[in-house]
Structures are given as C-alpha cells and as structure tokens.
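In: Got a predicted model here, sequence first, then my questions.
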Amino acid sequence: MKMLLRKALLTYRPIDTRLRRLPSYARLSRMLQQRYNIMMSDQRNIVISDQDSIMMSDQDNSVISDQDNMMMPDQDNSPAPAKEKIPAPGKEKIRAKSKSPGQSKGDAAAAYYAANIDRVSPSPDTILFECYWGKKFGESPLALYRELVRTHPRGSFRIHWTVAGNAQPPAEIAANPDVTLVRVRSKEYGHALLASGLLVNNVTFPPYFIRRPGQRYCNTWHGVPMKAMGRDMAAPMISMANTQRNFLQADLLLEMSDFYHEAMFHSYYVEQLAARSLLPCGAPRVDDVLTPRIPAAELRAQIGIAEGQTVVLFAPTWRGNSTAIDPVFGDQARLWAQIARELGEDHFVLFSAHQMVKVDKAEPVPNGALLPENTNINDVLTVVDVMVSDYSSIIFDFLPADRPIVLFTPDIEQYRQDRGLYLEPTDLPCAETCDLPGLIAAIRAARPPSDFPGWPEMQTRFVPLEDGQAAVTALAALLAPVAMGPQREPNRRQRLLIAPGGLVPNGITTSLKNLIANLDYDRYDPYILIEAAVMDQDVARRQQFEEFDSRCNWILRSGDMLLTAEEKPIYHAFRRGDDWLGDAEMAVIRRIFERENARVLGTARFDVSIEFGGYAPFWTALMACSNATRKVCYQHNHLWAEYTNLDASRNQRQLYGVFLTYGWFDQIVAVSDETRMVNETHLARFYPDGSKACTVRNTMNMARVLERKRLPVVLAHPAVAPLFQSPELFRFIALGRLSPEKRYDRMIGALARIAPEHPNAVLLICGSGPLKDKLLQFARRKGVAEQVRFLGQVHNPYPLLANADVCVMSSDYEGQPMTLLEALSLGVPCIGTDIPGIRSVLKDGRGHITDPTEEAFAATMKAAIEGRLPKFVAADIGGEYTDTTMDEFYRNVCGR
C-alpha cells in the first residue's frame with residue numbers, strides 16, 4: 001500500500017510543481033506531507049498538547065523557508081546539472097582606472113571563480129603575485145618575482161600581478177612582456193586565481209579562493225610581529241578568520257624563527273594543521289635589504305637626498321584593528337615634520353605610512369619626504385642610516401642590517417591594553433624613548449644593534465636565517481616541492497574536528513564545554529569550527545566561547561559558499577529540508593560540501609569529524625563531507641517528533657536535510673539510551689547501511705559546577721537574592737532557553753493551579769529566548785505574574801540552582817538534559833515530564849517523573865511543597881560518572 005502511494009505521489013509531482021505557487025495550496029501540501037512522513041515511519045507523533053498551551057514561535061530559526069515549495073517523496077532519477085560554456089577572459093593588460101575593492105558594489109571575480117572552479121585548470125607555467133591586496137608591488141612577492149626573472153629566461157612563465165586602486169607597478173614589472181596586470185574584483189582576477197599553478201601572497205587571497213590540485217601557494221606573510229596576533233589580540237574574530245584560512249590553504253609557509261612560529265602559527269591555531277607546509281627560511285624581502293637591487297646613489301637621487309645627509313626613516317605602525325582602523329595619519333605626519341625640524345638640514349627624514357593607514361596630503365618638509373604608497377620599503381631601507389619605529393614588524397627587516405633603531409613609544413601602556421605585545425622594547429637591541437626631546441637625542445646618539453648586550457642571542461631568537469638567500473630557497477621550494485627538504489612533523493595526537501551547534505547558552509553547548517574540559521589532551525587535539533561573524537555579533541555566544549578550555553583550538557569559518565547557478569536551488573531545497581531530493585540531488589550536495597570543506601579547511605586532515613549539534617543541514621553535511629577518517633553525528637533530542645510536529649511554530653522542517661546526511665556518517669550517537677531508541681524507531685532507514693546508533697551520554701565538569709556554585713546568590717543575581725532569604729517561600733527553578741519545546745506554559749499553568757492554596761510558591765526561570773513576552777502575558781492571564789520571575793540569561797546560575805527547593809522541567813522533547821544532571825550533582829530534587837530524555841536522567845528514583853500534562857505537573861508540584869513526594873535516590877554524578885561517559889566518547893566517537 002505504501003509503495004503504491006509513493007508511486008502515485010511521484011506521478012503527481014509535476015502537477016504539484018505548478019500548483020505550489022498558490023500559498024493556500026502550499027500550506028495544505030505541507031500539512032499532508034507531514035502526515036505522509038508520519039505514516040511512512042509506522043509511528044504516530046507522540047506530542048501531547050495541553051488545553052492551556054499557547055502558540056509559540058521561535059525567532060532564532062535561521063533555516064531558509066519557501067512557502068511555495070511542497071515537500072514530496074524522494075525522486076531518484078533527476079538529471080544532472082548542465083554545464084555552461086566558460087566565458088573567456090581578456091588577455092590584455094589593464095590600463096583603465098577602476099574603483100578600489102572597498103568601493104566596488106559587485107565582485108565579478110567571485111562570480112567568475114564560482115562559476116568556473118571546476119572548468120578552468122591551473123597551468124604549471126602561470127604564476128600570480130599579490131602584495132597587500134594589489135595595493136603595492138613590493139615586499140617578499142617582489143623579491144620572489146625578481147629571483148624568478150633573474151633565474152628563468154623570458155617566456156618561461158606567464159606572470160600575473162594583482163593591482164588595486166591607483167597602484168602603479170615599477171618599470172621592472174610594467175616593462176616585462178610576460179606580465180599581465182589583473183585588477184582586483186575583475187573577471188580576469190578570478191580567472192588568474194583559477195589558472196595559476198603557482199601563487200604568491202604576503203597577506204591573504206579572498207575568502208572564496210581554494211587551492212586546488214595542481215596549484216602551489218606560498219604565503220610569505222609580511223613581517224615578524226612584535227604586537228599580538230590572532231587569538232592573542234583584542235579584536236573581532238572575523239579580523240583573523242581569512243588569515244587563518246589562507247594559512248590552511250597554503251602549502252608553503254615561510255618560518256623565520258621559533259619566535260615567529262609561536263607568534264604567527266600558534267596564535268592562529270594552525271601550528272599542527274600546517275606543520276608540513278612550514279619552510280625554515282628567512283624573509284625574501286630582507287634579501288633586498290642585505291643585497292641592494294637599486295644603487296644607493298640612484299635611490300638617493302630619486303628621493304632627493306643630498307650628499308652627506310644622514311637618512312632617518314620614520315616608520316610607525318597603525319592603531320586599532322583590521323575592522324576599525326584609527327585615523328592616525330595626521331598625528332604621525334605632524335610628528336614627522338617635528339622630527340625633521342629638530343634634526344636640521346644635516347638629516348633627511350623619510351616618512352613611511354603603514355599600508356593600513358589612509359594616506360592624505362601632508363605639508364611639505366624641506367629636509368624630508370613622504371614616501372609614495374607604492375614604494376617598496378625594503379629597497380629604501382638600503383639607504384637608511386637610522387630607523388624610528390614603534391611596534392612595527394619593519395624593525396625585524398632592518399635588524400639584520402645592523403644599523404641603529406630607535407623605538408618611540410609614548411602610548412605603550414595604551415597599546416599594551418588595546419592590542420597587546422609579544423615583546424617589550426627592552427627585549428630588543430634598540431633605544432627607546434617616549435618624548436620628542438628624548439627621541440631627537442636617541443637619533444643623534446644612535447647605536448647599531450650589535451652594540452647592545454645580548455645581540456648574538458637576539459639574532460638567534462628573531463632573525464637566525466637571514467643570509468640573503470631566502471628568495472632562492474623559497475622560490476626553489478615553490479617550483480619543486482622536493483626542494484623543501486625535511487618537513488616539520490605534527491604531533492601524534494588524534495585530531496578531532498567538531499561542529500558545536502549554535503554555541504548558544506543551552507544544554508548542547510554546556511555538554512560540549514564539559515567534554516572539552518575532560519578531554520585527554522595527551523591523546524586528542526580538538527578543533528572547534530565556528531562562524532566568525534556570528535560569534536562577533538552575539539555577546540551570549542562569545543561568552544560561551546570564552547568559557548571553553550583554553551587548550552582547545554578554533555577554526556573560524558568566514559565568507560560565502562561557492563555555488564553554481566545549477567547548484568543553488570538544490571542547496572536551498574536541502575537547507576529547507578525538502579524531501580524530494582534523491583540520489584542525484586544528494587550527489588550535488590556532496591560535491592558542494594566537499595568544495596566547502598576545501599574552502600574552509602584547505603588540506604588540513606582530521607582523524608574524526610563530529611557534528612555535535614545535529615540540527616542544521618549545513619553543518620551535518622559539512623562534517624559528513626570532511627576528509628576525516630571517521631565521521632560521527634550526535635542526536636540530542638527526539639528528532640522525528642520535532643520534524644513532524646504539526647504546530648508550525650514548533651516544527652523543525654530543516655531536519656529532513658539532516659536525516660538525508662546520516663548515511664554519510666560512520667556512526668550516529670545519541671545522548672541517552674532512551675533518545676537512541678526513540679530515534680532509531682523512526683530514523684533507522686536513514687542510517688548507514690548495517691549500522692546502528694550507540695549511546696554517548698553527556699559528561700559533567702563537576703569541578704566547574706562546584707566552583708561556580710560557591711558564589712553568593714546576592715552576587716549571582718542581586719535582584720532575586722531576597723527570594724532566597726525568606727524561609728516562607730518555596731522556590732521552584734527552571735533553566736533553559738525560552739523556546740517552544742521547553743513548554744514553560746505547562747509549568748506556569750501548573751503553578752497557577754496550586755497558587756490559591758500555596759501562595760508562597762515561586763517559579764524562577766533562568767533563560768532567554770523569543771517567547772519571553774508571550775510567557776509574561778500568559779503568566780498575567782493566569783494570575784501568577786508576581787510568582788513567576790523571568791531572570792533572563794544568568795551567567796552563573798549555579799548558586800540559584802543549589803539553593804532552590806526543586807528543579808523543574810516540563811519539556812516535550814529532550815535528549816539528556818544537562819540542567820537535571822547539574823541539579824542532581826548539587827543534591828537538588830528534580831521534577832520532569834515523562835518523556836524519553838528526562839526519563840533517562842530521573843529514572844530509578846533519582847527524581848520524580850510526571851505525565852506531560854498541566855494537571856499532572858501541578859499535582860506533583862503541590863506534593864513537593866507539602867513534602868509528600870517519595871524520598872529521592874541520591875545520584876552519583878561525580879568522578880565515576882565522568883570517567884564512564886568519557887570512556888563512551890573515546891570508544892564510540894573516537895573509535896578507540
């Protein structure tokens with residue numbers, strides 16, 4: 001019968017496609033589809049509704065919705081997407097002016113790249129150089145270009161140079177017939193990224209760039225940092241995300257020293273993931289300081305430096321962070337003029353504004369010059385007698401020359417606080433001063449680094465490999481991988497890639513925090529993958545992030561997926577949870593997410609990928625399509641009930657996309673035996689062939705719970721403290737997000753039933769969410785507004801929980817509730833509805849389980865107040881429980 005119905009619906013699908021444009025028909029179609037899904041599973045929806053339940057909507061649902069799309073049974077024979085003809089980009093050199101990247105409204109490069117990523121093959125004789133996003137032609141990319149031109153005959157390579165804004169290439173680039181300039185955001189740039197077999201960058205390629213087979217990418221970076229980088233700087237996550245991503249894309253990263261290794265690769269969480277890409281090598285740009293490419297007399301004449309003048313370079317760094325740069329040019333220009341005036345005509349003072357600082361016109365200085373933005377500063381350093389800087393990496397470019405450096409640091413206290421420093425001025429062989437008279441005196445009395453105590457040790461620490469041959473070494477490794485020599489080996493710990501879910505304050509996040517805290521770091525190396533921009537925009541999520549064990553690593557996703565026109569509708573149907581997707585469509589989904597893995601993670605390899613949240617098709621597909629040896633997906637709830645709930649405000653329609661990916665995992669794990677069994681009943685047909693789900697219970701971080709519960713209630717939540725000082729009150733407490741499945745209306749209604757007889761009962765609700773206003777109104781209608789206190793998101797709820805009389809939970813769906821585990825660990829009695837997840841915690845007399853109705857819940861609350869509930873069995877949620885649950889994780893998730 002079911003097969004006949006399925007065939008009939010598949011036959012009917014073309015008619016449905018035309019009719020679903022009518023909203024009323026689409027709504028009816030979805031309702032019928034829900035009933036169809038339930039019938040095909042041989043089970044009924046077990047949700048019980050209360051008479052007084054209220055309609056609740058969760059505004060935090062990020063799933064793409066399409067009201068005109070009807071969900072139909074899988075169609076297995078959809079045609080594969082047709083390929084479009086590749087547009088041919090122009091070959092001519094770019095001469096016309098265009099808007100800078102920040103001003104451009106569109107990005108033709110990104111569109112071209114996405115459309116042609118599988119159609120344009122890289123060529124081994126094509127190389128792309130990029131310096132500061134096309135704003136300059138210098139630094140290490142220029143040094144490598146010079147070495148390439150010096151060692152290879154003309155015509156050996158097709159050479160692309162990226163150009164942005166009004167940047168003008170020097171003659172050595174502009175006059176080379178092998179060179180084509182490609183403007184950022186242009187179609188030609190997108191083509192160059194695809195067609196170049198060799199790529200060199202000193203910052204980052206765009207977020208859509210993926211290093212593909214047949215490409216070698218050398219990221220030289222642009223300096224040894226004195227200031228904090230990556231995880232160590234106080235800046236939005238998004239400001240470091242694409243840098244981390246580029247380090248993972250590159251297969252050649254120059255490693256100047258152990259200090260540089262720690263400051264750069266450790267701070268971006270890639271020191272292990274990129275270990276085999278690291279090349280011990282000096283900085284190619286420093287070669288141009290040690291071995292001048294332009295004769296000194298010629299360079300001095302170009303700048304206007306008279307014979308006999310002492311050349312001082314003023315090269316301060318920028319302030320702020322990459323998402324909020326302080327406008328410091330004016331102040332720096334005025335200081336430059338003061339320095340030149342005080343030093344007099346026997347000195348010539350150059351001013352090099354940092355490339356991150358917007359350069360405006362500066363008043364002319366008779367004995368000085370503002371260096372043009374396109375200047376290659378490493379060429380200029382060859383004629384500099386004394387450098388004045390502050391916290392800039394240019395210090396380390398100049399150190400190998402052994403010429404004097406003066407650090408001018410009047411704002412060092414503020415800079416330490418705002419940005420952070422890896423080094424203090426006293427760690428360097430440089431003079432330091434904080435005022436103008438001291439600066440002038442230090443310039444006049446300048447000493448070379450070799451005159452400072454400890455110079456040999458400082459050389460070893462900061463610039464041990466600067467021998468003038470870095471460009472030779474790096475270019476050889478770029479052109480031939482065997483030239484890299486022995487590679488650094490990563491540690492042998494098992495690498496775990498974890499998608500954590502939304503990282504909102506809820507039980508899933510708490511469970512993951514506990515897991516990470518209890519992990520054996522001698523054997524496991526965890527990497528948690530999060531959305532950088534979302535974390536920056538949400539204070540609550542960022543707070544959760546900061547509470548994780550500091551030993552774990554983070555991978556910061558940023559940028560958009562690459563989708564062709566043919567892939568977009570299939571991808572959006574998958575995200576919505578449309579159930580007409582068949583094998584052909586899911587093959588497209590797999591291709592999309594294999595590409596997204598390559599975009600986000602490069603070629604970093606993992607032993608186990610873990611989809612810990614289990615609710616979002618995007619993350620389940622991403623984890624399922626990773627390159628990990630073993631792939632595991634968690635189930636934290638009765639998912640089929642959530643998917644088939646006929647209440648539109650509580651229906652998790654997108655879950656069907658999650659179910660479709662189950663077959664790509666090696667193991668499905670549930671957080672309790674009860675949750676495993678109820679999900680297996682409905683979802684086993686989606687599981688990997690021959691596979692059964694297993695149980696991995698939520699673990700506990702008892703040390704954290706006990707430590708945080710010591711805080712006095714008056715400090716944890718001052719406003720509610722008086723309620724804990726009154727011996728007449730009976731305090732019920734509930735913790736959790738104010739979302740539909742938690743059914744707070746049930747416990748509020750239950751309280752209203754017993755309030756006339758027990759006016760001393762209060763209900764404290766800790767949590768935030770979209771239903772707060774509706775629940776407030778509901779409490780007023782029930783006449784218990786004064787007895788129900790909505791406390792919002794309480795950062796440390798444990799003092800409240802520990803001092804409450806009873807913890808209550810009235811949910812329709814739960815997996816293995818962390819709130820109840822925490823309450824039991826603190827010795828707090830618990831009452832919960834009789835659903836599988838709650839039953840898994842409160843069974844065997846550890847708590848009181850009641851029918852999921854308002855009437856039954858009220859009777860149980862009343863019995864608790866009157867002391868008529870059976871004595872609870874003490875629950876051992878201590879060390880033995882933690883050890884057992886972690887062993888479940890090691891065996892069933894990690895495959896130990």
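Out: Arrived safely, thanks for sending. Residues are numbered from 1 along each chain as shown.

In: Tell me the secondary structure of His191, please.
Out: helix (DSSP: H, G, I helix; E, B strand; the rest coil).

In: Okay, the residue most central in space within the chain and Leu199: tell me how far apart.
Out: Nearest residue to the geometric centre of the chain (Cα atoms, centre = their mean): Leu556, 2.0 Å. From Leu556 across to Leu199, the span is 22 Å (Cβ to Cβ, to the nearest Å). Every residue, glycine included, has its C-beta placed from N, CA and C.

In: Gly559 now?
Out: Distance of Gly559 to Leu199, given as Cβ to Cβ: 17 Å.

In: Among the two, which residue is more densely surrounded?
Out: More neighbours surround Leu199 than the other of Gly559 and Leu199, with 26 against 19 (other Cβ atoms under 10 Å).

In: part of a helix, is the more buried one?
Out: No. Assigned with three-state DSSP, Leu199 falls outside any helix and is strand.

In: Spit out the contact partners of it.
Out: Applying Cβ atoms under 8 Å, 6 or more residues apart in numbering to Leu199 gives the contacts 127-128, 130, 193, 205, 211, 215-218.

In: Identify the bridge partners of it.
Out: Leu128, Tyr217 (DSSP bridges).

In: picking that back up, quick check, nearest of the contacts of Leu199 to Gly613?
Out: For the contacts of Leu199, the closest approach to Gly613 (Cβ to Cβ) belongs to Arg211, at 28.5 Å.

In: Give me the phi and psi for the closest one.
Out: phi -80, psi 120 (degrees, to the nearest 10).

In: How much space separates it from Asp251?
Out: Arg211 sits at a distance of 7 Å from Asp251 (criterion: Cβ to Cβ).

In: again with Glu546
Out: Going from Glu546 to Asp251 by Cβ to Cβ gives 33 Å.

In: Next, the residue nearest to the centre of the chain: secondary structure please.
Out: Applying three-state DSSP: Leu556 is strand.

In: so it makes contact with Met240?
Out: Yes. With contact defined as Cβ atoms under 8 Å, Leu556 reaches Met240; the gap is 6.6 Å.

In: shared neighbours, these two?
Out: Common neighbours of Leu556 and Met240 (Cβ under 8 Å, 6+ apart) are Ala532.

In: so which of the contacts of Leu199 comes closest to Ile117?
Out: Once Cβ to Cβ is applied, the member of these that ends up nearest Ile117 is Leu193, at 9.4 Å.

In: Could I get the contacting residues of the closest one?
Out: 109, 113, 128, 199, 205, 209.

In: Repeat the analysis, applying 7 Å as the threshold.
Out: 113, 128, 205, 209 (Cβ atoms under 7 Å, 6 or more residues apart in numbering).

In: One more: Arg551?
Out: Tyr521.

In: Run through who's touching stretch 506-520.
Out: 500-501, 503, 526, 544, 547-549, 552, 612-613, 636, 698-701, 704, 736-737, 817-819, 882, 886, 889.

In: So which of these sit within strands?
Out: Under the assignment DSSP state E, these contribute Pro526 to strands.

In: just the buried members of the contacts of stretch 506-520?
Out: In these, burial by neighbour count holds for 500-501, 503, 526, 544, 548-549, 552, 612-613, 636, 698-701, 704, 736-737, 817-819, 882, 886, 889, counting by 16 or more other Cβ atoms under 10 Å.

In: all helices for the stretch 251-400 of the chain, in order.
Out: 258-260, 284-290, 296-303, 329-343, 377-380, 394-398 (DSSP state H, counting those that start in this stretch).

In: Comparing those helices by mean pLDDT, which bottoms out?
Out: Mean pLDDT across these is lowest at helix 329-343; the value there is a mean of 91.

In: In that one, which residues are buried?
Out: 329, 332-333, 335-337, 339-340, 342-343.

In: what does stretch 443-456 give?
Out: 443, 446-447, 449.

In: Repeat that for stretch 149-157.
Out: Within stretch 149-157, the residues scored as buried using 16+ other Cβ under 10 Å are 149, 157.

In: ends of that stretch, how far apart?
Out: Chord length of stretch 149-157, first to last residue, is 9 Å (Cα to Cα, to the nearest Å).

In: Same question for stretch 246-258.
Out: End-to-end distance of stretch 246-258 (Cα to Cα): 20 Å.

In: now it: how far from the chain's centre is it?
Out: Its chain's C-alpha centre and that of stretch 246-258 lie 20 Å apart, by Cα atoms, centre = their mean, to the nearest Å.

In: And for stretch 311-321?
Out: How far stretch 311-321 lies from its chain's middle: 31 Å, per Cα atoms, centre = their mean.

In: And stretch 313-327, by the same measure?
Out: 25 Å.

In: Mind listing what's buried along that stretch?
Out: If you call a residue buried by 16+ other Cβ under 10 Å, then stretch 313-327 has these buried ones: 313-319, 321.

In: Next, format those as TSV and append pLDDT.
Out: Converted to TSV, the buried residues of stretch 313-327 look like this (pLDDT from 0 to 100):
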residue	pLDDT
Leu313	97
Phe314	96
Ala315	92
Pro316	92
Thr317	89
Trp318	77
Arg319	82
Asn321	68
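
In: In CSV, list those along with distance to Ala474.
Out: Below are the buried residues of stretch 313-327 laid out as CSV (distance: Cβ to Cβ, whole Å):
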residue, distance to Ala474
Leu313, 26
Phe314, 30
Ala315, 24
Pro316, 28
Thr317, 25
Trp318, 27
Arg319, 31
Asn321, 29
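
In: I'd like the next helix or strand past the least confident helix or strand in the chain by mean pLDDT.
Out: One helix or strand of the chain scores below all others by mean pLDDT, DSSP states H and E: helix 23-40, with a mean of 54. Next helix or strand after helix 23-40 toward the C-terminus (DSSP states H and E): helix 108-116.

In: The closest residue to Ala752 other than its chain neighbours and Leu764, how far apart?
Out: The shortest distance from Ala752 to any non-neighbouring residue, by Cβ to Cβ, 6 or more residues apart in numbering, is to Lys782 (3.8 Å). To Leu764, Lys782 is 16 Å away according to Cβ to Cβ.

In: Glu854: which of the buried residues of stretch 313-327 is nearest?
Out: Closest approach to Glu854 among the buried residues of stretch 313-327 (Cβ to Cβ): Asn321, at 52.0 Å.

In: Mind checking which of the contacts of stretch 506-520 land in helices?
Out: Counted as lying in helices by DSSP state H, out of the contacts of stretch 506-520, are 544, 704, 818-819, 882, 886, 889.

In: now, among those residues, which is nearest to Arg789?
Out: Lowest distance from Arg789 to the ones in helices among the contacts of stretch 506-520 (Cβ to Cβ) belongs to Thr819, with 17.0 Å.

In: ok, the closest residue to Asn202 other than its chain neighbours to Asp402 distance?
Out: Excluding the flanking residues, the one nearest Asn202 by Cβ to Cβ, 6+ apart is His222, at 4.4 Å. Note on His222: its distance to Asp402, by Cβ to Cβ, is 22 Å.

In: higher neighbour count, those two?
Out: Under the neighbour definition other Cβ under 10 Å, His222 and Asp402 were set side by side, and His222 has more, 22 against 14.

In: Could you name the helices and strands sitting against the helix or strand hosting Ala641?
Out: Using DSSP H and E, Ala641 sits in helix 639-644. Where contact means 3 or more Cβ pairs under 7 Å, 6 or more residues apart in numbering; DSSP states H and E, helix 639-644 is packed against helix 23-40, helix 655-661, helix 673-683.
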